[in-house]
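> task: produce atomic coordinates for the following.
(one chain, ligands or ions: 1)
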Amino acid sequence: MGKTVYFIGAGPGDPELLTVKGKRLIGQADVILYTGSLVNPQILEGAKPEAKAYDSASMTLRQVVDVIRDGVEQEKQVVRVHTGDPSLYGAVREQMAELDRLGLAYEVVPGVSSFLAAAASLKREYTLPGVSQTVILTRMEGRTGVPEKERVEALASHQATMVVFLSVGKIEELCGRLQLGGYPEDTPAAVVYKASWEDEKIVKGTLADIAGKVKGAGICRTALVAVGRFLEGSFSLSRLYDEAFSHGYRKAGQ
Ligand code: SAH
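Below you'll find the predicted structure:
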């Protein structure tokens, strides 16, 4: 029985947003697979000089699994580094299924997803009282399809806070379909390019004008589209800190 394989969320880009646990495991690794297209190379700076690093960008699932299996068979510590958190658009489940099939043990170390880094960069809260208490994380169909029931128009009917991954390249179509689905054209929208990286860019507007602004800024990848009235406008105060309400940790009037 070889060593446990770790799937590690590398965070959104800023190397300081890698978890302490993720950093420790990368430092101990003999074999590192990482998504070169999105993972900040600085994340790997803590690796041992003799560690072998593989950029999975040009590899197939079969090749990735072969590298993991060979490493485990040679009693090496193998880590698989994913951008953000592996549970979102990480293609991690198919790797887990292969490791299950091979009887290899693995664990997952979560990471800071880019949608969380985007809220931090925007200095906004996704769940505002009186505005929205729901966050929809979604994408438009690309090479990977989206189930019919999750069409962007259908999701838009809720007018909840929405964060759209992998879709900035089709932002014009996205904004049109969001409006068809129910968001008014003056709904605030923001695009965050490379949240938490040094070359991060933020573009703000509404569903009516953000597509043009994003094109003007030359952003066509590695960005999130956030939509909803959480971005601008009024909201209610929370009950948690309301002096008229009691809860388990505080009595009313205190
Ligand atoms: N697992 C990742 C998402 C991988 S899918 C996560 O949790 O963030 C890749 C998509 O994520 C990109 O097309 C882009 O939409 C988004 N993304 C990843 N890193 C980003 C960043 N730093 N800033 C903005 N969007 C990012």
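> would you mind listing what in the protein touches the ligand?
By C-beta under 6 Å from any ligand atom, the residues of the chain that approach the ligand are 12-13, 38, 82-85, 88-90, 113-114, 117-118, 165-166, 192, 194-197, 222-224. The C-beta positions use only the backbone N, C-alpha and C, and glycine is treated the same way.
> which among these count as buried?
Among these, those scoring as buried are 12-13, 38, 82-85, 88-90, 113-114, 117-118, 165-166, 192, 194-196, 222-224 (criterion: 16 or more other C-beta atoms under 10 Å).
> tell me the average confidence for stretch 81-90?
The average pLDDT within stretch 81-90 is 97.
> could you tell me how far it lies from the centre of the chain?
The chain centre lies 7 Å from the centre of stretch 81-90; the measure is C-alpha atoms, centre = their mean, to the nearest Å.
> ends of that stretch, what's the gap?
End-to-end distance of stretch 81-90: 10 Å, with C-alpha to C-alpha, to the nearest Å as the criterion.
> can you list contacts of it?
Residues from elsewhere that reach stretch 81-90 (C-beta atoms under 8 Å, 6 or more residues apart in numbering): 7-12, 22, 26, 32-35, 38-39, 43-44, 92, 108, 110-115, 137, 139, 165-166.
> all strands of the stretch 101-250 of the chain, in order?
Along the stretch 101-250 of the chain, counting by DSSP state E, counting those that start in this stretch, strands occupy 106-109, 135-139, 161-165, 188-193, 201-206, 223-227.
> return the most buried member of the ones you listed.
Among the strands of the stretch 101-250 of the chain, strand 223-227 has the highest mean neighbour count (mean count of other C-beta atoms under 10 Å), at a mean of 26.
> that strand packs against which elements?
If contacts are counted by 3 or more C-beta pairs under 8 Å, 6 or more residues apart in numbering; DSSP states H and E, strand 223-227 sits against helix 114-122, strand 161-165, helix 171-181, strand 188-193.
> tabulate those (JSON lines), appending distance to Leu240 and mean pLDDT.
JSON lines is the format used below for the helices and strands packed on strand 223-227 (distance: least, C-beta to C-beta, whole Å; pLDDT from 0 to 100):
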{"stretch": "helix 114-122", "distance to Leu240": "18", "mean pLDDT": "98"}
{"stretch": "strand 161-165", "distance to Leu240": "19", "mean pLDDT": "98"}
{"stretch": "helix 171-181", "distance to Leu240": "31", "mean pLDDT": "98"}
{"stretch": "strand 188-193", "distance to Leu240": "25", "mean pLDDT": "98"}
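> just give the nearest non-adjacent residue to Cys220, would you?
Leaving aside its sequence neighbours, Cys220 sits nearest to Gly169 (C-beta to C-beta, 6 or more residues apart in numbering; 5.0 Å).
> no wait, Asn40
Gly13 (4.9 Å).
> pLDDT weak spots in this structure?
Applying pLDDT under 70 to the chain picks out residues 1, 254.
> what ranges does it have for its helices?
20-28, 61-73, 93-102, 114-122, 152-156, 171-181, 210-216 (DSSP state H).
> out of those, which one sits most buried?
Most buried of these, by mean neighbour count (mean count of other C-beta under 10 Å): helix 114-122, with a mean of 21.
> show residues contacting it.
Against helix 114-122 from outside (C-beta under 8 Å, 6+ apart): 11-14, 17, 83-84, 88, 125-126, 135, 137, 163, 165, 190, 192, 195-196, 200, 202, 224, 226, 231.
> how does it look with 7 Å?
Applying C-beta atoms under 7 Å, 6 or more residues apart in numbering, the contact partners of helix 114-122 are 12, 17, 84, 126, 137, 163, 190, 192, 195-196, 200, 202, 224, 226.
> try stretch 171-188
With contacts defined as C-beta under 7 Å, 6+ apart, stretch 171-188 is touched by 140, 152-157, 159, 164, 167, 206-208, 210-211, 214, 225, 227-229, 231-232.
> who touches the residue nearest to Asn40 in this structure?
Counting by C-beta under 7 Å, 6+ apart, Gly13 touches 40, 194-197.
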